[in-house]
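S.K.: here are the coordinates; sequence isn't available:
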């Protein structure tokens, strides 16, 4: 009887480990380079971090919204640009709009390839803008909303 319980226990552990491995692999494929920026800078002194959830997200047909506002982007700019370039280089972007001024990226709009989550199509967007006095905003949005809905929200 103990041998049978031991075999059942080992099978259960094996199933749990396989499930974890597949789950981590699937999540890693969805990962973007900018995700590290939100984790790294959300508690910085001169950075404002916003993450929306609940009914506000649903009212805008979003499943995720994160933003970082840098009061002075200069110390962070190199890493932000590296992460944005890495996203573009990995072919995760299906539409790109960039504005460069004096050889420097001033604003960017990236519409990423959609992903499937729980059988539903999820669109993903990255927005970046450097404003006056080197203040900058980086935004990540995902959800069923399409480009037209996003543009309508932005230009309201």
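M.R.: Right, received. Where do you want to start? It should be emphasised that the depicted structure is a prediction, and the values quoted were computed from it without experimental measurement.
S.K.: please count neighbours and contacts with C-alpha atoms only from this point.
M.R.: OK.
S.K.: assign a three-state SS to residue 85, would you?
M.R.: Here residue 85 is helix, with the state taken from DSSP: H, G, I helix; E, B strand; the rest coil.
S.K.: for it, grab the count of nearby residues.
M.R.: 13 (other CA atoms under 10 Å).
S.K.: equivalent analysis for residue 65, please.
M.R.: Look at residue 65: counted by other CA under 10 Å, it has 18 neighbours.
S.K.: how about it: what's its closest non-neighbour residue?
M.R.: residue 141 (4.7 Å; CA to CA, 6 or more residues apart in numbering).
S.K.: how near is residue 145 to residue 123?
M.R.: As judged by CA to CA, to the nearest Å, residue 145 and residue 123 stand 7 Å apart.
S.K.: hang on, I meant residue 35
M.R.: Residue 35 is 16 Å from residue 123, by CA to CA.
S.K.: between these two, who's got more neighbours?
M.R.: Between residue 35 and residue 123, residue 123 has the larger neighbour count (other CA under 10 Å), namely 20 against 12.
S.K.: element containing the residue nearest to residue 65?
M.R.: Following DSSP states H and E, the helix or strand that holds residue 141 is strand 136-143.
S.K.: packing partners of that strand?
M.R.: strand 64-70, strand 120-130 (3 or more CA pairs under 8 Å, 6 or more residues apart in numbering; DSSP states H and E).
S.K.: residue 82: which of those strands is closest?
M.R.: Closest of the helices and strands packed on strand 136-143 to residue 82 is strand 120-130, at 12.8 Å (criterion: CA to CA).
S.K.: name the helices or strands packed onto that closest one?
M.R.: Here strand 120-130 touches strand 104-117, strand 136-143, going by 3+ CA pairs under 8 Å, 6+ apart.
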